[in-house]
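A.B. asks: coords please:
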Amino acid sequence: MNILNFARRPSGPAASDTAALTALMQDFSIEVMPRTAAKIDDFRSILPAGTRVYLAHIDGTEFSEMLATARRLADEGFAVMPHFPARGIASRAELEARIGAYSDAGVRQALVIAGGIATPRGPFADSMQLLETGLFDRAGFTDLHVAGHPEGNRDIDPEGGEETVMAALRRKSDFQARTDARMAIATQFAFEAGPIIDWAGRTRAAGITLPVHIGIAGPAKLQTMIKFAMACGVGPSLRVLQRRAADLSKLILPFEPTELLTGLARHKAAAPDFAVERVHLFPLGGITATTDFTAALAARPLRARA
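C.D. replies: Now for the predicted structure:
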């Protein structure tokens, strides 16, 4: 018996994976909220110039906070992509006002989502209704992204099935033919490469041609990661965290997505038509924990922080 077969694999990517991982992480995006962005003195000290920054609109956040944060990020040279939650917008006039205010602040991108509110506050119940107003196009928005869920979305299909979810994505993919905006699917995070790869394959088989920007949770304490995963409805890949939680020696260590990213990078290198085009990071353990992680992957020295 060759005992080398039982050698423990290193936690980081093998040398042969480095190029693939670097390629996958090119032009990653990151998500922030106004209250967390306020804790960063200058995003230019922690992010590459021009990084796309999604600005999450959590229900209850004043639009004035969203707009001020968007203006600040745009002034610092970042491509700002605020959330537009359909069910939280009270009227077409409010939608038009929000789009106009963001446009005046230099924003030309939007993540258009249904939003997590059970009862719509106005005439919009889903993202397609926002897209079909034509208001984004009229305001000169160049990039319109929509949400995807590799492990299902019970807001769309309470039974946890996939047919309704795929049909919704197909309508958004078809919309791409009617607009000159660049469109993509930005997904919820998951913790295992296999389910993501399988889901991406099913999107292509269903006729969905939009590129995928895959959601990845940045480094965080395991307890924090499990809490967010359960709140966001993460599916079978939650078992990765549960297995780790069972190992008391790992319970106090932060969970990092290196293994997941390496698995996706290997697949993309072997299958260039893989639907996943970019990585979108959720900084569940804090913005700087995530940006330090990306800097380490890229072996890029951080600039001095303000």
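A.B. asks: list the contacts for T51?
C.D. replies: Applying CB atoms under 8 Å, 6 or more residues apart in numbering, one finds that T51 lies in contact with 27-30, 78-79. Bear in mind the C-beta positions are built from the backbone N, C-alpha and C, glycine included.
A.B. asks: repeat for T36
C.D. replies: For T36, the contacting residues are 283, 286-287, taking CB under 8 Å, 6+ apart as the criterion.
A.B. asks: can I get those residues in a markdown table with secondary structure and neighbour count?
C.D. replies: As requested, the contacts of T36 are exported to a markdown table (DSSP: H, G, I helix; E, B strand; the rest coil; neighbours: other CB atoms under 10 Å):
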| residue | secondary structure | neighbour count |
| --- | --- | --- |
| P283 | coil | 20 |
| G286 | coil | 15 |
| I287 | helix | 22 |
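A.B. asks: looking at these, which is nearest L222?
C.D. replies: G286 (14.6 Å; CB to CB).
A.B. asks: now do that closest one against T142, distance only.
C.D. replies: To T142, G286 is 30 Å away according to CB to CB, to the nearest Å.
A.B. asks: repeat for F191
C.D. replies: Applying CB to CB to F191 and T142 gives a distance of 32 Å.
A.B. asks: next one: I117
C.D. replies: I117 is 28 Å from T142, by CB to CB.
A.B. asks: check I287 too.
C.D. replies: 25 Å.
A.B. asks: and what of P211?
C.D. replies: From P211 to T142 the distance is 15 Å (CB to CB).
A.B. asks: same check on Q188?
C.D. replies: With CB to CB as the criterion, Q188 and T142 are 24 Å apart.
A.B. asks: more neighbours: which of those two?
C.D. replies: Neighbour totals were compared for Q188 and T142, and Q188 leads with 21 against 13 (other CB atoms under 10 Å).
A.B. asks: does that one touch G148 like I think?
C.D. replies: Yes. If you go by CB atoms under 8 Å, Q188 and G148 touch, sitting 7.2 Å apart.
A.B. asks: joint contacts of these two?
C.D. replies: Common neighbours of Q188 and G148 (CB under 8 Å, 6+ apart) do not exist.
A.B. asks: so, low pLDDT: which residues of the stretch 51-200 of the chain?
C.D. replies: 152-161 (pLDDT under 70).
A.B. asks: could you pull out the strands in the protein for me?
C.D. replies: Ranges of strands in the chain, per DSSP state E, are 29-32, 52-55, 79-85, 109-113, 143-148, 182-189, 212-217, 220-221, 254-255, 276-282.
A.B. asks: so what does the fifth one touch, helix or strand wise?
C.D. replies: I take that to be strand 143-148. With contacts taken as 3 or more CB pairs under 8 Å, 6 or more residues apart in numbering; DSSP states H and E, strand 143-148 sits against strand 79-85, strand 109-113, helix 127-131, helix 163-175, strand 182-189.
A.B. asks: ok, the second one: who's next to it in the sheet?
C.D. replies: Meaning strand 109-113. Paired strands of strand 109-113, with direction, are strand 79-85 (parallel), strand 143-148 (parallel) (DSSP bridges).
A.B. asks: dump those strands to a markdown table, plus mean neighbour count and distance to F63.
C.D. replies: Converted to a markdown table, these look like this (neighbours: other CB atoms under 10 Å; distance: least, CB to CB, whole Å):
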| stretch | mean neighbour count | distance to F63 |
| --- | --- | --- |
| strand 79-85 | 23 | 10 |
| strand 143-148 | 24 | 19 |
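A.B. asks: out of the ones you listed, which is closest to A271?
C.D. replies: When these are compared by CB to CB, strand 143-148 sits nearest A271, at 18.5 Å.
A.B. asks: just how off-centre is that closest one within its chain?
C.D. replies: 10 Å (CA atoms, centre = their mean, to the nearest Å).
A.B. asks: how about the helices in this protein?
C.D. replies: 18-25, 34-37, 63-75, 92-104, 127-131, 135-138, 163-175, 193-205, 222-231, 238-245, 258-270, 287-298 (DSSP state H).
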